[in-house]
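Student: sequence? don't have it. structure:
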């Protein structure tokens, strides 16, 4: 699962919406819509968890790492054109602070909503294969839906703390460790060449 390419900042996320690929009949991501039926208005709740088998996100800034567990809850509702899936998902995320480069971790919660069209519906007949998900043998594969929603919600400039001061531009030290009195000697450019040549302080 999660076998698609890692997505980087500025790269569009391609929603993989196969028209004919049949998802595996079992697994945490798969919902058998025969449990819901085709009468509009009928719905059913599902509570699932799935393990990430390949990391994805914005490497190395923020990632959902391999082995993480994504928890998700979904309402599957039968509508005229197919089955509407609406829910939330929660996943741990980790990466580097965009200011001080220290490692950080957090929990991300996202919402998603997606229509899976019936094979014989007007929606299925009038839309391209990459514009809408299709039901295949009454099965729904939620993995690409949840993955895309997570990638779109990932912070592209995460911070270890909201007030992170970042790094000193001169020595690269963390301002949080250096303290408010940290400073560097500033040499008049007119004396810099003499100091480098003679090792003096450029005075006298």
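Tutor: In hand now; what should we look at? Since this is a predicted model, take the numbers as computed values, not measurements.
Student: would you map the strands across this protein?
Tutor: 30-32, 43-51, 56-58, 62-64, 69-78, 82-96, 103-117, 133-134, 139-141 (DSSP state E).
Student: packing partners of the third one?
Tutor: In other words, strand 56-58. For strand 56-58, the helices and strands in contact under the criterion 3 or more Cβ pairs under 8 Å, 6 or more residues apart in numbering; DSSP states H and E are strand 62-64, strand 82-96, helix 143-153. (Glycine included, C-beta is placed from N, CA and C.)
Student: low-confidence stretches in the chain?
Tutor: The model of the chain has pLDDT under 70 over residues 1-25, 121-131, 172, 175-177, 185-204.
Student: tell me the centre residue of it?
Tutor: residue 151 (2.8 Å; Cα atoms, centre = their mean).
Student: confirm for me that that one is in contact with residue 63.
Tutor: No. Residue 151 lies out of contact with residue 63 (Cβ atoms under 8 Å); the separation is 10.5 Å.
Student: can you list the domain ranges for this structure.
Tutor: By the assignment in automatic domain parsing, the chain contains the domains 30-153, 165-204.
Student: who's residue 74 bridged to?
Tutor: Beta-bridge partners of residue 74, counted by DSSP bridges, are residue 46, residue 87.
Student: spit out the contact partners of it.
Tutor: For residue 74, the contacting residues are 31, 45, 46, 48, 85, 86, 87, 142, by Cβ atoms under 8 Å, 6 or more residues apart in numbering.
Student: ditto for residue 111
Tutor: 86, 87, 88, 149.
Student: ok, residue 96 next?
Tutor: Here residue 96 is in contact with 60, 61, 102, 103, 104, 158 (criterion: Cβ under 8 Å, 6+ apart).
Student: and residue 98, by the same measure?
Tutor: 61, 157, 158, 159.
Student: which phi and psi does it have?
Tutor: Backbone torsions for residue 98, taken as degrees, to the nearest 10, come to phi -70, psi -10.
Student: before we move on, back to that, ok, and the most crowded of the contacts of residue 98?
Tutor: Among the contacts of residue 98, residue 158 has the most neighbours (other Cβ atoms under 10 Å), with 20 neighbours.
Student: now that residue: how far from residue 32?
Tutor: As judged by Cβ to Cβ, to the nearest Å, residue 158 and residue 32 stand 37 Å apart.
Student: before we move on, what about residue 156?
Tutor: Residue 156 is 37 Å from residue 32, by Cβ to Cβ.
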